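Participant: Have a look at this prediction, sequence included:
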There are 2 protein chains.
Amino acid sequence: MKIIVDCFGGDNCPDAAVKGAVLALEEDKELNVALCGDEDKIQAVLNTLSYDQSRISIIDAKDVITNEDKPIDAIRNKENSSMVVALNAVKSDEYAGVVSSGNTGALLTGSTLIVGRIKGVSRATLAPAMPTLISGKYTILCDAGANVDCKASMLKEFAIMGSIYAKKAFGIENPTIGLLNNGAEEEKGNALTKEAYQVLKESNLNFVGNIEAQDYTSGKVDVIVADGFDGNVGLKATEGAAKAIMTLLKQGITNGGIKAKIGYLLLKPILKHIKGFLSTDTVGGAIFLGVKKVVVKAHGSSGEIPFKATILQAHRMAKGNLVSLIEDGVKNG
Amino acid sequence: MKIIVDCFGGDNCPDAAVKGAVLALEEDKELNVALCGDEDKIQAVLNTLSYDQSRISIIDAKDVITNEDKPIDAIRNKENSSMVVALNAVKSDEYAGVVSSGNTGALLTGSTLIVGRIKGVSRATLAPAMPTLISGKYTILCDAGANVDCKASMLKEFAIMGSIYAKKAFGIENPTIGLLNNGAEEEKGNALTKEAYQVLKESNLNFVGNIEAQDYTSGKVDVIVADGFDGNVGLKATEGAAKAIMTLLKQGITNGGIKAKIGYLLLKPILKHIKGFLSTDTVGGAIFLGVKKVVVKAHGSSGEIPFKATILQAHRMAKGNLVSLIEDGVKNG
């Protein structure tokens, strides 16, 4: 079971991708990886490392999709880019999944256009796992921004896929599903969420009702279902506010004289813990649910540790037959 | 120029409302207030205070709308509630505005049904001022949740009203307007924001393009325009994340032993500053733009200081002719 690692397009590429892949191979003896991108540059990084050559291969691809590229144009025109080559390669039975830290929009577009959607899935969904106030608990958000102007039936599909993923990724037997809304009561919402509420209520899912955006961090539900526009707004607002608080804290400490600096040193373990809370470095990347292979987006700024985690995550999902479970789930949903 | 204070419905009522009104009278010698609610209970609080009797009056109203009441039912059926009595009273020329810390939905519904919309305004908008990372700078959000399923023309109205309010409330000559979107580029968005982008671009407003939800706290623009569903999601996510970080910090300090406690004492001024950042207690409440009188929602948990700030805010907006400026703005927009 081989995972393709797109080694270009992220901030720390190819180093972080290649090193992360080698670390993943060390940790998971069943894993095989194919590193995709400029062979010479990948080999140059590999030459600095010791690794099991029998479980690693290179797929050469000279071009790179950057974050400035427009997704649809990049997928259509940059056919020799590491991302497009990786997405074409993963269609073969030899490979089970792709990990990339490159342009998110291009990865989503390419996954749909090149890899293709699972039969019965009308839209694939970008599903990051978000840290919560409950230690060790993550809430999966679908959709985080891949689809706007959704219909209620699409939100139901997201709920099915998110539920299956939560079960596989975090071992939750019957994941709770919350619908992102502008109020907790059943009658609240816009046209979409009012309809989606009824659709979810009548489904076999463990639907627990509406949640509000403060529940991105509360740990109240296992899966938050949302139109991608709203999901994206809530996610970016959450990240933005958390960063704002940490920025204020940092500014205060920097400008606060010796007392503040000693205070900082004494609180350092706690602040480190909070920084850890803000990060999903150890649980992997945002998975793209609904396409025919496992596709996971590592954060653009990923270093080797997040890359390792994301590669291991992709492998676990591939071994767990996530794609065929989703196919069955959507069929029976 | 008299402001009506709805003295019931909030967490600390009537004490906070009555005391806040007396503080406001002390600070602003041009202000007159009418306290609305159960006369005996209001008088009981007044009896504990010294105040200028010539500038204070009481409008008796025995009933109260609670947060559990459904807005439309409460406005229709609780005709003797302090909120409904206040909203009916404010229609008279004697009064310029209402401040309430009661049920937000009821206040919005009542403002529209009883006070009525300004001619040319298709929907009134709830517009809180949000603190940002730029010291002393607030970003006004319209709409924060009063209207869902908006049209592009409504977002333009929000932008006009928000711009006039930003000018009046914060003295900003030509307020910058950002459109809440799921990406910064012009072509990003859902059907609504793509259309609204073009409408705003062609307007006379100082439209600076799309902003993303992390800009709730960045201070990048003076006014964020959004459909109320999305605006609400971003606002609650921002508040939720900020609270989550502060909760983690508190938990860490509580469980961190003596070192953490000393660290906390040393960093206390900074943490207090951050807590201040999270609060809008000194700038007042969320104004409801587009109705024929000034209506301001004080936070449900307001104590006397936030109440005072909100009453003063309502008075400033009334003196600044906010309502007629909005009428002109919408007519010429």
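Facilitator: Great, that's in hand.

Participant: Helices along the stretch 51-200 of chain A, start to end?
Facilitator: For the stretch 51-200 of chain A, the helices defined by DSSP state H, counting those that start in this stretch occupy A:71-77, A:82-89, A:104-110, A:152-170, A:191-201.

Participant: Columns mean pLDDT, mean neighbour count and distance to B:Val98 on top of these, output as JSON lines?
Facilitator: Every residue, glycine included, has its C-beta placed from N, CA and C. Shown next, in JSON lines, are those (pLDDT from 0 to 100; neighbours: other CB atoms under 10 Å in any protein chain shown; distance: least, CB to CB, whole Å):
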{"stretch": "helix A:71-77", "mean pLDDT": "96", "mean neighbour count": "17", "distance to B:Val98": "49"}
{"stretch": "helix A:82-89", "mean pLDDT": "98", "mean neighbour count": "25", "distance to B:Val98": "57"}
{"stretch": "helix A:104-110", "mean pLDDT": "95", "mean neighbour count": "25", "distance to B:Val98": "46"}
{"stretch": "helix A:152-170", "mean pLDDT": "97", "mean neighbour count": "24", "distance to B:Val98": "38"}
{"stretch": "helix A:191-201", "mean pLDDT": "98", "mean neighbour count": "18", "distance to B:Val98": "30"}
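
Participant: among these, which is nearest B:Glu212?
Facilitator: When those are compared by CB to CB, helix A:104-110 sits nearest B:Glu212, at 13.4 Å.

Participant: got the contact list for that closest one?
Facilitator: Residues from elsewhere that reach helix A:104-110 (CB atoms under 8 Å, 6 or more residues apart in numbering or on different chains): A:65, A:69-72, A:74-75, A:83-84, A:87, A:100, A:124, A:126, A:145-146, A:288, A:295, A:297, A:300.

Participant: got the residues of the stretch 51-200 of chain A near chain B?
Facilitator: Counting by CB under 8 Å from any CB of the partner chain, the stretch 51-200 of chain A comes close to chain B at A:Leu133, A:Gly145, A:Val148, A:Asp149, A:Leu180, A:Asn182, A:Gly189, A:Asn190, A:Ala191, A:Thr193.

Participant: Using CSV, please lay out those together with distance to A:Leu35.
Facilitator: Listed next are those as CSV, based on distance: CB to CB, whole Å:
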residue, distance to A:Leu35
A:Leu133, 38
A:Gly145, 28
A:Val148, 34
A:Asp149, 37
A:Leu180, 38
A:Asn182, 45
A:Gly189, 46
A:Asn190, 45
A:Ala191, 47
A:Thr193, 43
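
Participant: between those, which is closest to A:Leu266?
Facilitator: A:Leu133 (23.1 Å).

Participant: any idea how far the closest one is from B:Gly257?
Facilitator: 21 Å (CB to CB, to the nearest Å).

Participant: go on, A:Ala74?
Facilitator: For A:Ala74 relative to B:Gly257 (CB to CB), the value is 53 Å.

Participant: for A:Ile3, same thing?
Facilitator: 43 Å.

Participant: A:Gly300 too?
Facilitator: Looking at A:Gly300 against B:Gly257, where the rule is CB to CB, the gap reads 38 Å.

Participant: Tell me which of these two has more neighbours.
Facilitator: Legend: neighbour count by other CB atoms under 10 Å in any protein chain shown for A:Gly300 and B:Gly257, higher for A:Gly300 (16 against 10).

Participant: Can you name the residues bridging to A:Phe207?
Facilitator: A:Ile177 (DSSP bridges).

Participant: Could I get the contacting residues of it?
Facilitator: By CB under 8 Å, 6+ apart, the contact set of A:Phe207 is A:Ala159, A:Ile177, A:Gly178, A:Leu179, A:Leu200, A:Lys201.

Participant: ok now do the fifth one, which residues does it touch?
Facilitator: Which is A:Leu200. Contacts of A:Leu200 (CB under 8 Å, 6+ apart): A:Leu155, A:Lys156, A:Ala159, A:Ile177, A:Leu179, A:Phe207, A:Val225.

Participant: what do you get if the cut-off is 6 Å, keeping everything else the same?
Facilitator: A:Phe207 (CB atoms under 6 Å, 6 or more residues apart in numbering or on different chains).

Participant: and the gap between it and chain B?
Facilitator: 17 Å (CB to the nearest CB, to the nearest Å).

Participant: same question, the first one
Facilitator: Here A:Ala159 is placed at a distance of 18 Å from chain B (CB to the nearest CB).

Participant: One more: the third one?
Facilitator: Remark: distance between A:Gly178 and chain B (CB to the nearest CB) = 13 Å.

Participant: In stretch A:280-298, which residues are buried?
Facilitator: A:280-281, A:283-298 (16 or more other CB atoms under 10 Å in any protein chain shown).

Participant: So which of these belong to strands?
Facilitator: In this view, the buried residues of stretch A:280-298 that belong to strands under DSSP state E are A:Ala286, A:Ile287, A:Phe288, A:Leu289, A:Val294, A:Val295, A:Val296, A:Lys297.

Participant: ok, of those, which one's closest to chain B?
Facilitator: Nearest to chain B out of those is A:Ala286 (CB to the nearest CB; 14.7 Å).

Participant: you'd agree that closest one is up against A:Ala129?
Facilitator: No. A:Ala286 sits out of contact with A:Ala129 when judged by CB atoms under 6 Å, with a separation of 7.7 Å.

Participant: How about the residues of the stretch 201-333 of chain A by chain B?
Facilitator: For the stretch 201-333 of chain A, the contact set with chain B under CB under 6 Å from any CB of the partner chain comprises A:212-214, A:216-217, A:229-230, A:232-234, A:236-238, A:240-242, A:244-245, A:248, A:252, A:256, A:259, A:262-263, A:266-267, A:270, A:274, A:277.

Participant: Of those residues, select the buried ones using a ChimeraX command.
Facilitator: A single ChimeraX command selects the buried members of these (16+ other CB under 10 Å):
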select /A:212,213,214,216,217,229,230,232,233,234,236,237,238,240,241,242,244,245,248,252,256,263,266,267,270,274,277
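
Participant: Show only the entries of the residues of the stretch 201-333 of chain A next to chain B found in helices.
Facilitator: A:216-217, A:229-230, A:232-234, A:236-238, A:240-242, A:244-245, A:248, A:252, A:259, A:262-263, A:266-267, A:270, A:274, A:277 (DSSP state H).
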